[in-house]
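**Q** Okay, sequence plus prediction incoming.
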Amino acid sequence: MKKVMILLTVPVFIGSTNPAPLEICYEETITELEPKDIPVVISERDLVSALIHIESRGNDSAIGDRHIVGGEAVGALQIRPIMVREVNRILKIQKSEKRFKLSDRFDRNKTIEMFMVWKNFHHKQSDFETIARNWNGGPKGYKNPRTEKYWNKVQKELDGITLR
């Protein structure tokens, strides 16, 4: 904490005499906050933005894992065909008429919608670390030590998002 002294000189005129100026002393306390003292709220939107940046650098046309013919990861969130099938399975369980096609993976809004269907079904109460690690490593990704590195990248990106 820093203390700052502020001195004010206030001339006071009483009658016709000029007495010495009146000095008023104020003590002001300035509190310097550490970044950890300021609560930061990270939203689902921030998490999705971080995942998109990590997965594809924001490229809706990105195609990854080309060596897995027929199983390539595609789009902003790098969705594989098995995820499209899983999201459609969830929608069927929920008695929704909506279904996604493989080509929907190139549409950012549809990929985010697929992610949210998956997240809300499998991770309604999960923390962001579990969600991100499972997105990267599958249903038990949060247990896989290899997904820790992925989570660290996501955290770093989230830190950058919250500082903007």
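**A** Done, it's in. Remember, predicted model here, so these are calculated numbers, not experimental data.

**Q** Next, name the residue at the spatial heart of this protein.
**A** Note on the chain: the residue nearest the mean C-alpha position is Asp46, at 2.9 Å, using C-alpha atoms, centre = their mean.

**Q** helix or strand for that residue, which one?
**A** Assigned by DSSP states H and E, Asp46 belongs to helix 44-56.

**Q** excluding its backbone neighbours, what's nearest Thr130?
**A** Spatial nearest neighbour of Thr130, chain neighbours left out: Tyr142 (4.6 Å); criterion: C-beta to C-beta, 6 or more residues apart in numbering. In short, each C-beta sits where N, CA and C put it, glycine included.

**Q** right, I mislabeled it, should have said Phe100
**A** In space, and not counting its chain neighbours, Phe100 is closest to Val84: 5.3 Å by C-beta to C-beta, 6+ apart.

**Q** List the residues that contact that neighbour.
**A** Contact analysis of Val84 by C-beta atoms under 8 Å, 6 or more residues apart in numbering lists Phe100, Lys101, Leu102, Asp104, Arg105, Met114.

**Q** Tell me the confidence at it?
**A** Val84 carries a pLDDT value of 97.

**Q** circling back to that earlier point, what's the average pLDDT for the helix holding Asp46?
**A** pLDDT averaged over helix 44-56 gives 94.

**Q** All the strands of the chain, residue numbers only.
**A** 2-10, 22-30, 63-64, 73-74 (DSSP state E).

**Q** Ile79 and Met114 touch, don't they?
**A** Yes - with contact defined as C-beta atoms under 8 Å, Ile79 reaches Met114; the gap is 6.2 Å.

**Q** Would you mind pulling the contact partners of stretch 152-162?
**A** Contacts of stretch 152-162 with the rest of the structure, by C-beta under 8 Å, 6+ apart, involve Val40, Ile42, Asp46, Leu47, Ser49, Ala50, Leu51, His53, Ile54, Phe128, Ala132.

**Q** Excluding chain neighbours, give the residue nearest to Phe106 in space.
**A** With sequence-adjacent residues excluded and distances taken as C-beta to C-beta, 6+ apart, Phe106 is closest to Gly75, at 5.3 Å.

**Q** check contacts around the one you found.
**A** With C-beta under 8 Å, 6+ apart, Gly75 has these contacts: Ser56, Asp60, Ser61, Ala62, Arg105, Phe106, Asp107, Arg108, Thr111.
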